[in-house]
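Visitor: Build the 3D model from these lines:
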Amino acid sequence: MKPIAVLSGDKRQDYICQYLNNHGYNAYLKSTMDFNQDEYIICSTPLCKKGKYLNCDFYSSFPMETFMNLLKPGQTIFAGSIPKDFYNNKSFNFIDVLHDETVVWNNAVLTAEGLVSSIITHTDSTIKNARILILGFGKCGINVARILTSLSGKVSIYDHTALHLIQARAYGYEGIEYEDLIHHIHKFDMIINTVPTDIFQEIHYMKAKNSCVLFEIASAPYGFKEDFANKYNLSLITCPGIPGVTAPKAAGELIAKSIISYLERTEINGS
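Guide: Numbers count the residues shown, from 1 in each chain. Next comes the predicted model:
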């Protein structure tokens, strides 16, 4: 069986390696940039830091361009949040584990659970009866709303998609249209962003109450603007990669299962 290199990173990488080995695969942790003998390489989720550096734990700023130059044709690289332009290089086979709906949904569940810990740590009040606005009602927003409602939070939803707002209201949440945000934003104790794009304008930060805490759980380029949050004395808590921080074993095993499924489907394992 051909060995599978697991590039050293956060704890998820350790659990990916363990899971693969426990299920009959020859995986090993790699802490060098010599990929000459590797056919399968499992990188981190996300693949990049700050859009230009490889996400690993033994180099803080290893350029992605250099990493690409070290790969050889025919290699298969697994990672999460792979930039679209990487797929233009047909010499390598890039597999984004976050294109697996099972991984995405279960990561959303883990993110929602981990967010509770961050809320408890960074706020002075309880979730019970707190007025909470969630920006985005996709997989992550749905699970965050579900968890916080179960803890008696009073949840409202904004989403730019009309169908998502209809779904949110069907679940019993208050659904807020964009033009109405400005009239409601002053009442929230916390606002949670799940969408990696700007939603708020400066006026929204100005209208939020000073005790409101902003939680950023979207991936880069994020949604909240730090300069506006600072200007209006709002606490902004950025929570990158929650599953890898609060549930690395579960998150790593999800990724490992996805990789095994891919190898079995394509019959490249053991070929």
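Visitor: Could you check the pLDDT of Arg265?
Guide: At Arg265, the model reports a pLDDT of 88.
Visitor: I'd like to know which elements whichever strand or helix holds it is packed against.
Guide: Assigned by DSSP states H and E, Arg265 falls within helix 248-266. Counting contacts by 3 or more C-beta pairs under 8 Å, 6 or more residues apart in numbering; DSSP states H and E, helix 248-266 is packed against helix 11-22, strand 76-79, helix 101-122, helix 242-246. All C-beta spots, glycine's among them, are computed from the backbone N, C-alpha and C.
Visitor: Can you name the next helix or strand after the third one?
Guide: Tracing the chain C-terminally past helix 101-122 and defining elements by DSSP H and E, one meets strand 131-135 next.
Visitor: report the angle between the axes of that next one and helix 101-122?
Guide: Using axes from the mean of the first three to the mean of the last three C-alpha atoms, to 10 degrees, the direction of strand 131-135 lies 140 degrees away from that of helix 101-122.
Visitor: Show me what whichever helix or strand comes after strand 131-135 is in contact with.
Guide: Downstream of strand 131-135, the first helix or strand assigned by DSSP H and E is helix 139-150. Here helix 139-150 makes contact (C-beta atoms under 8 Å, 6 or more residues apart in numbering) with 104-105, 108-109, 111-113, 115-116, 127, 132, 134-135, 137, 155, 157, 159, 168, 171, 173, 192, 194, 217-218.
Visitor: same thing but at 7 Å, please
Guide: Residues from elsewhere that reach helix 139-150, judged by C-beta atoms under 7 Å, 6 or more residues apart in numbering: 104-105, 108-109, 111-113, 115-116, 127, 132, 134, 155, 157, 173, 192, 194, 217.
Visitor: now stretch 58-67
Guide: By C-beta under 7 Å, 6+ apart, stretch 58-67 touches Ser8, Ser31, Cys48, Lys52, Tyr53, Leu54, Cys56.
Visitor: Only the buried residues of stretch 219-235, if you could.
Guide: Ser219, Tyr222, Gly223, Phe224, Lys225, Phe228, Ala229, Tyr232, Leu234 (16 or more other C-beta atoms under 10 Å).
Visitor: Next up, the contacts around the third one.
Guide: Translated: Gly223. Contacts of Gly223 (C-beta under 7 Å, 6+ apart): Leu135, Asn193, Val195, Pro196, Thr197, Asp198, Ile199, Glu216.
Visitor: From Leu234, how far off is the nearest residue to it once chain neighbours are set aside?
Guide: Of all residues not flanking Gly223 in the chain, Asn193 sits nearest, at 4.1 Å (C-beta to C-beta, 6 or more residues apart in numbering). Using C-beta to C-beta, to the nearest Å, Asn193 is found at 12 Å from Leu234.
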